[in-house]
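> please work out how this folds:
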Amino acid sequence: MLEFLLLSMVIGAGGTAALDLWNLLLHRIFGMPLPPWHLVGRWFAGLPSGQLVHSKGIGESPVVANELAIGWVMHYLVGMLFAAILLALWGMDWAVAPTFLPPLIVGLVTVGAGWFILQPGMGVGVACSGAPHPSVARLNNVAGHVVFAIGMYLAALVIG
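Predicted coordinates:
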């Protein structure tokens, strides 16, 4: 069990770091905004009190203490959870001899967590339907999760 947790942490953190580098690259080259991790932290901070949906938009909700730190921590914990799902479905042997298809499947399927849970909860609508440019946001979501998959695969290669 300890090995499973450690592998989930390393592989998930590797995938998440790859996504962060991708977002930084898009920001520096194309001027795309960086993800609003403080707002993600605000959303997660509201969950224990039952605040799942911020219908007016999360930006209108009150600021939460340490929301930026909460957002970053949850961003990495979710990445580790997705890596744990990968290992649970494909087994620990996958980490010894990784192939790209399993993390790609997990990466693409988990786009749905953002589209159907996080984004509606933050008041952006299902699959960013309320964003200024929904198609661009959706494309960026899918591309980001592919990069996350690449990062998980590379992390598994490095430690395998």
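
> quick one: residue 78 from residue 124, how far?
17 Å (Cβ to Cβ, to the nearest Å). In this view, the C-beta of every residue, glycine as well, is placed from N, C-alpha and C.

> show me what the longest helix along the chain is packed against.
For the chain, the longest helix by residue count, based on DSSP state H, is helix 2-30. Identification of packing neighbours for helix 2-30 by 3 or more Cβ pairs under 8 Å, 6 or more residues apart in numbering; DSSP states H and E yields helix 67-90, helix 92-96, helix 134-159.

> in the longest one, what's buried?
The one in question is helix 134-159. 137-138, 140-141, 144-156 (16 or more other Cβ atoms under 10 Å).

> cool, and the second one?
Of the residues in helix 92-96, those buried by neighbour count under the rule 16+ other Cβ under 10 Å are 94, 95.

> before we move on, the earlier item: more crowded one of residue 78 and residue 124?
Taking other Cβ atoms under 10 Å, residue 78 and residue 124 do not tie; residue 124 has more neighbours (21 against 18).

> please identify which helix or strand holds the more buried one.
Assigned by DSSP states H and E, residue 124 belongs to no helix or strand.

> with residue 51 instead?
Taking DSSP H and E as the definition, one finds residue 51 inside no helix or strand.

> for it, what are its contacts?
residue 61 (Cβ atoms under 8 Å, 6 or more residues apart in numbering).

> just to revisit the earlier point, okay, the helices and strands packed on helix 2-30 in a markdown table with distance to residue 109 and mean pLDDT next?
Output for the helices and strands packed on helix 2-30, formatted as a markdown table (distance: least, Cβ to Cβ, whole Å; pLDDT from 0 to 100):
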| stretch | distance to residue 109 | mean pLDDT |
| --- | --- | --- |
| helix 67-90 | 9 | 98 |
| helix 92-96 | 16 | 95 |
| helix 134-159 | 9 | 97 |
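
> can you tell which of these is closest to residue 110?
helix 67-90 (5.2 Å; Cβ to Cβ).
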